[in-house]
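1. What would the 3D arrangement of this be:
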Amino acid sequence: MKKLLLILIFILSLFGADYSAMSTQELLAIMDYTFKKSEQTKILNELKSRLPEMSSKEKKTYEKNLLVLRKRDAKK
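-> From the prediction side, this is the model:
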């Protein structure tokens, strides 16, 4: 599954992804696998716009992944 996500991210980064067309679950799955900061920002902005419609489980996943991203960015 992770390999598939990494391949998907790589392909999307080559062609410029339309993150608004992706499901919330897909965005949550790839948000911590993005390679470029600009792509990561686009994903986070799209997810922020969807926060009011997210289920509690999706919000927990979002918050967990956001903490992981912040910790990873702090180490850089």
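2. List of residues touching stretch 38-50?
-> 12-13, 17, 19-20, 22, 24, 27-28, 30-31, 34, 62, 66, 69 (Cβ atoms under 8 Å, 6 or more residues apart in numbering). Bear in mind the C-beta positions are built from the backbone N, C-alpha and C, glycine included.
3. Apply 10 Å and report the result again.
-> Identification of contacts with stretch 38-50 by Cβ atoms under 10 Å, 6 or more residues apart in numbering yields 9, 12-13, 16-24, 26-28, 30-34, 36, 54, 58-59, 61-62, 65-66, 69, 73.
4. Inside strands: which ones of those residues?
-> Using DSSP state E, no member of the contacts of stretch 38-50 falls within strands.
5. May I see the PyMOL selection of the buried members of those residues?
-> The buried residues among those can be selected in PyMOL (16 or more other Cβ atoms under 10 Å) with this line:
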select buried, resi 9+12+17+19+22+24+27+28+30+31+34+58+61+62+65+69
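6. what about residue 40, which helix or strand?
-> Here residue 40, judged by DSSP states H and E, is contained in helix 37-50.
7. how far out from the middle of the chain is that helix?
-> Relative to its chain's centre, helix 37-50 lies at 7 Å (Cα atoms, centre = their mean, to the nearest Å).
8. Now do that helix, average pLDDT.
-> What helix 37-50 shows for mean pLDDT is 90.
9. C-alpha coordinates for it, PDB please?
-> In PDB, the C-alpha atoms belonging to helix 37-50 read as follows (Å, rounded to 0.1, in the frame of the first residue of the first chain):
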ATOM      1  CA  LYS A  37       7.100  21.800   0.200                       C
ATOM      2  CA  SER A  38       4.900  23.500  -2.400                       C
ATOM      3  CA  GLU A  39       2.900  20.300  -2.900                       C
ATOM      4  CA  GLN A  40       2.700  19.800   0.900                       C
ATOM      5  CA  THR A  41       1.300  23.300   1.300                       C
ATOM      6  CA  LYS A  42      -1.400  22.700  -1.400                       C
ATOM      7  CA  ILE A  43      -2.500  19.500   0.300                       C
ATOM      8  CA  LEU A  44      -2.600  21.100   3.700                       C
ATOM      9  CA  ASN A  45      -4.600  24.000   2.300                       C
ATOM     10  CA  GLU A  46      -7.100  21.700   0.700                       C
ATOM     11  CA  LEU A  47      -7.500  19.700   3.900                       C
ATOM     12  CA  LYS A  48      -8.000  22.900   5.900                       C
ATOM     13  CA  SER A  49     -10.800  23.800   3.600                       C
ATOM     14  CA  ARG A  50     -12.400  20.400   4.300                       C
END
